[in-house]
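Q: the sequence and its predicted three-dimensional model are supplied below.
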Amino acid sequence: MAAAIFAIVAVAFAQRGFGGFERYRGTSRMLPNTPYDGRFTFVRVHYETAPGGYWAGGRPSWIHGYPIAERNLMKIMNEVSFLGAHDEEINSLALDDPALTKYPIAYIIEVGWWTLTDREAAGLRSYLLKGGFLIVDDFKMSGWRGMAGAGWEPFEANMKRVLPEARFVEMQARDPIFHCFFEINNLDDFPQAYNSGRPIFRGVYEDNDPAKRLMIIVNYNTDISQYWEWSGRGLRPFDETNEAYKLGVNYIVYGLTH
């Protein structure tokens, strides 16, 4: 039933154009943050981008799809739930910003070019151990299109500075995060934005115990938010876009309830 409702909402948004989904108006600068008022606000992590991590127009790696992707996701969240989230105001914070602890979920992308100071590592560790949930997305495999900086190794090295004891585990379709709102029963054939092999989903659990809280979800070798970003442009098949939104909704619901 929920999936059917979601499909109807997505169709309505796609047809609505400017009145629903954002058209592509990407930016290379950070927009002003909205003051904290208790309502859910999507938070994207900004960081100093490593060399080689700049895209067309001088956009640093962390800003890819910002703020259109998350605005579109928040519109979906407000249609399928009573969350009442900010759906236009998208905040961006550094990991060592004390304000980060006001927000239960943080989102970071293109972590092959993620640089991390000691203060930021300590800030992220504190955030996760206090109950924060981190979504890692738009994350490519080594050698993707010949780019230096892509791949698992630089991300893992940074995470060892954040949680030296952490172990990444391969996520399974039976894991709770894939069933906390929409039923996502198959990860093997999940839509792939890059057409570069299958997406890989990994996670870090509290105390490395899969029976406890999932602290980090990693979308590796895929870009789930690209579907959100382009959903009003018709650049990805509709059914695949639906699946990507289901995943985003589940991530938000899980982060708010665990």
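A: Noted; the coordinates are in hand.

Q: next structured bit after the helix or strand of the chain with the lowest mean pLDDT?
A: Across the helices and strands of the chain, mean pLDDT, DSSP states H and E gives its lowest value to helix 2-16, namely a mean of 46. The first helix or strand that comes after helix 2-16 along the chain, using DSSP states H and E, is strand 43-45.

Q: run me through the strand neighbours of the helix or strand following that next one, direction for each.
A: Going down the chain from strand 43-45, the next helix or strand is strand 54-55, by DSSP H and E. Using DSSP bridges, strand 54-55 pairs in its sheet with strand 59-60 (antiparallel).

Q: the following helix or strand past the strand it pairs with packs against which elements?
A: With elements assigned by DSSP H and E, the helix or strand that comes after strand 59-60 is helix 68-80. For helix 68-80, the packing partners by 3 or more Cβ pairs under 8 Å, 6 or more residues apart in numbering; DSSP states H and E come out as helix 2-16, helix 224-230, helix 238-257. To be clear about C-beta, it is placed using only N, CA and C from the backbone, and glycine gets the same treatment.

Q: and helix 68-80, how far out from the chain's middle?
A: Distance of helix 68-80 from the chain centroid (Cα atoms, centre = their mean, to the nearest Å) equals 13 Å.

Q: now the angle from that helix to helix 238-257?
A: 80 degrees (axes from the mean of the first three to the mean of the last three Cα atoms, to 10 degrees).

Q: on the three-state scheme, the closest residue to residue 41 other than its chain neighbours is what?
A: Spatial nearest neighbour of residue 41, excluding adjacent residues (Cβ to Cβ, 6 or more residues apart in numbering): residue 86 at 4.8 Å. In three-state terms, and counting by DSSP: H, G, I helix; E, B strand; the rest coil, residue 86 is coil.

Q: what pLDDT does the model give residue 86?
A: According to the per-residue confidence, residue 86 scores 97 in pLDDT.

Q: distance of it from residue 67?
A: Distance from residue 86 to residue 67, counting by Cβ to Cβ, to the nearest Å: 11 Å.

Q: so where do the helices sit in the stretch 101-250 of the chain?
A: 118-129, 152-162, 224-230, 238-257 (DSSP state H, counting those that start in this stretch).

Q: so which bits of the third one are buried?
A: Judged by neighbour count using 16 or more other Cβ atoms under 10 Å, the buried positions of helix 224-230 are 224-230.

Q: keeping just the C-alphas, turn it into PDB.
A: The C-alpha coordinates for helix 224-230 follow below in PDB (Å, rounded to 0.1, in the frame of the first residue of the first chain):
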ATOM      1  CA  ILE A 224      21.500   7.200  -5.100                       C
ATOM      2  CA  SER A 225      21.100  10.900  -4.800                       C
ATOM      3  CA  GLN A 226      21.600  11.400  -8.500                       C
ATOM      4  CA  TYR A 227      18.100   9.900  -9.000                       C
ATOM      5  CA  TRP A 228      16.700  12.400  -6.500                       C
ATOM      6  CA  GLU A 229      18.600  15.200  -8.200                       C
ATOM      7  CA  TRP A 230      17.400  14.400 -11.700                       C
END
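
Q: which elements pack onto it?
A: Helices and strands touching helix 224-230, by 3+ Cβ pairs under 8 Å, 6+ apart, are helix 68-80, strand 133-139, helix 238-257.
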